[in-house]
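Trainee: just the structure for this:
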Amino acid sequence: LPLEDYKKVDEIPFSSERKYSACVYKDITLVLGAPEILLSKSSSVTKIVQDYTKQAYRVVAFGYIAEKFFEKSGDISEKFHPLAILAMDDPIREEAKATLSELVKNNMEYRIISGDSADTVSAIAKKINPSYPANAISGADLDTLSDELKEKASLEHNIFARIKPAQKQLIIHTLKKNKL
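Mentor: Numbers count the residues shown, from 1 in each chain. Got it, this is the predicted structure:
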């Protein structure tokens with residue numbers, strides 16, 4: 001193919017709402033993002049992703065959609081064709097370990113709010129503190145709850161994964177309201 005066929009015609013920047021980014025070309029769209037958003041639930045790759053996330057790796061899926069443009073929101077998993085799963089080891093910063101160790105030493109509760117998957121965040125928490133009672137909930141699960149149950153979940157869980165900015169605000173507001 002001539003090089004002009006590979007000129008980018010549009011870009012969909014990453015957003016914490018969408019959980020993926022994309023570059024649109026003449027006849028194809030390349031996509032990089034959260035595996036649970038991009039891969040269909042029946043994907044044979046799902047087990048590989050779970051194996052890596054349970055070992056505290058950050059995992060992203062890379063692949064394509066065989067068309068020039070697609071909607072910038074909604075479910076794209078049925079159109080997505082995976083090419084690679086990227087598993088990245090992100091070492092825990094020493095100051096994070098020290099801070100959490102100090103909290104544990106002083107019998108203080110803490111919660112983790114992250115954009116990573118629940119398995120990844122739980123595994124990282126266990127690496128820092130093996131006795132940490134990881135009780136995770138995902139942003140997708142929070143979205144299914146009523147406002148009252150969202151507040152209850154904010155108090156009952158200590159790991160919040162794949163959280164969107166508005167969800168983070170609700171969790172923090174609830175914790176402050178309850179003096180936690």
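
Trainee: can you read off the backbone torsions of residue 96?
Mentor: With angles defined as degrees, to the nearest 10, residue 96 sits at phi -70, psi -40.

Trainee: that one contacts residue 128, doesn't it?
Mentor: Yes - Residue 96 is in contact with residue 128 according to Cβ atoms under 8 Å; the separation is 7.3 Å. The way it works is simple: take the backbone N, C-alpha and C, and place the C-beta from them, glycine included.

Trainee: give me the more crowded residue out of those two.
Mentor: Per other Cβ atoms under 10 Å, whichever of residue 96 and residue 128 has more neighbours is residue 128, with 17 against 12.

Trainee: what's the pLDDT at residue 1?
Mentor: Looking at residue 1, its pLDDT is 51.

Trainee: separation between the nearest residue to residue 156 once chain neighbours are set aside and residue 157?
Mentor: The shortest distance from residue 156 to any non-neighbouring residue, by Cβ to Cβ, 6 or more residues apart in numbering, is to residue 135 (7.0 Å). From residue 135 across to residue 157, the span is 5 Å (Cβ to Cβ, to the nearest Å).

Trainee: looking at these two, which is more packed in?
Mentor: residue 157 (20 against 12).

Trainee: return the set of buried residues in stretch 18-38.
Mentor: Across stretch 18-38, burial judged by 16 or more other Cβ atoms under 10 Å covers 18-20, 22, 24-25, 28-29, 31-38.

Trainee: what's the mean pLDDT across that stretch?
Mentor: 90.

Trainee: who's in contact with it?
Mentor: The contact list for stretch 18-38 (Cβ atoms under 8 Å, 6 or more residues apart in numbering) reads 5-14, 45-46, 49, 59-70, 72-73, 76-77, 80, 82, 85, 115, 117, 140, 162.

Trainee: which of the residues you listed are buried?
Mentor: Buried among these by 16+ other Cβ under 10 Å: 12, 45, 49, 59-61, 63-65, 70, 76-77, 80, 82, 85, 115, 117, 162.

Trainee: do me a favour and get the backbone dihedrals for the residue nearest to residue 156.
Mentor: Dihedral angles for residue 135 - degrees, to the nearest 10 - are phi -130, psi 90.

Trainee: what does residue 95 give?
Mentor: phi -70, psi -30.

Trainee: what about it, how many residues nearby?
Mentor: What residue 95 shows, counting by other Cβ under 10 Å, is a neighbour count of 8.

Trainee: again, but for the one 4 residues further on
Mentor: Other residues near residue 99 come to 13 when the count uses other Cβ under 10 Å.

Trainee: that's all I had, so thanks and see you.
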